[in-house]
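Q: From the sequence below, what's the structure:
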Amino acid sequence: MENITLEKVRRATPSLFKPQNFNRLKEKSKFVATIDVLEALTNDGRYKNMSGAQTKTYKESRANKVEQLVHLRPTSQPYDLDSQLIPELTLANSTSGKTAYRLYPTIYRPISNHRMLINSPVDISLEDVSSGNMPVLVKQAASRITTAMDDILNYLAAWEKIELSTLEEAELVDIAMQLKGGGKHDIFQPCRLLEVRRGEDMGSDMLHIFFTVHENLLLGGIRGFTESGRPVKSRRLTDISLILKANLGLFDAFHEIYARRTGVFH
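A: Numbering: from 1, shown residues only. The predicted structure follows:
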């Protein structure tokens, strides 16, 4: 997958180019558009834009609260098309009022063309964004994630050595369904989150089950039926808050299983 131009990023996430009104900052503080933060990461060639998305809003009063995600890939290490997992980072704007942005370690899986966010973010504060030293501070935050990626990949590799029991699989599926939401109107049986889409995902170890459940939960496409019996497919998650909730909650659930089984807490 080639990197995308800023113009394509603009079309996918137009709110990136609008000034962010951080109400908790003092009036003398400088407003900064998310694109300025993005350019601080990409203008020296260390990272390239891969994709972007935003949660659409139709209310002008909420224009400064649009949620955004931009995925970037470090250029320091080349990855060929045969790479199973490619390290990236994801820039997300924060609506917590305490931070301006968060950078998440991210794993891109080419075979399924989807991304998995790791719940170990680095925060970029409101003060960092409005300071004159913003580009340096943003690059330092990104560098912390890039430096940690080898350890994250090694940690995920350790999941492959853990075989999950049927009860543990059921526990993780139940958590995934709660993260998805939908309640009694779910169109498919929860166990279908365990259905593999390709031979490479066969296996009962933690890592392959994580791939399978994550892909089915985030990308949708699971066949089911409505209450009236009409065949339908589950939808891809597109709301940014739900994407973050599902990503981080699912990672935490698998991390908890790993810690419980090994006694190793990261």
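
Q: what's the domain layout of this protein?
A: The chain breaks down by automatic domain parsing into domains covering 6-159, 166-262.

Q: in stretch 150-168, what counts as buried?
A: By neighbour count on 16 or more other Cβ atoms under 10 Å, the buried set for stretch 150-168 is Ile152, Tyr155, Leu156, Trp159, Ile162, Leu164, Glu168. For the C-beta atoms, the positions are set from N, CA and C on the backbone; glycine is no exception.

Q: What of stretch 207-219?
A: 207-219.

Q: For those, please prepare a markdown table with the additional fields pLDDT and distance to Ala259.
A: Output for these, formatted as a markdown table (pLDDT from 0 to 100; distance: Cβ to Cβ, whole Å):
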| residue | pLDDT | distance to Ala259 |
| --- | --- | --- |
| Leu207 | 96 | 15 |
| His208 | 96 | 19 |
| Ile209 | 97 | 16 |
| Phe210 | 97 | 14 |
| Phe211 | 96 | 20 |
| Thr212 | 96 | 21 |
| Val213 | 96 | 18 |
| His214 | 96 | 19 |
| Glu215 | 96 | 23 |
| Asn216 | 95 | 24 |
| Leu217 | 93 | 21 |
| Leu218 | 94 | 23 |
| Leu219 | 93 | 27 |
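
Q: circling back: compare the domains of the chain and say which comes out lowest on pLDDT.
A: Of all these, mean pLDDT reaches its minimum on domain 6-159 (a mean of 77).

Q: follow-up on the earlier one: nearest to Asp36 among the buried residues of stretch 207-219?
A: In terms of Cβ to Cβ, no member of the buried residues of stretch 207-219 lies closer to Asp36 than Leu218, at 29.1 Å.
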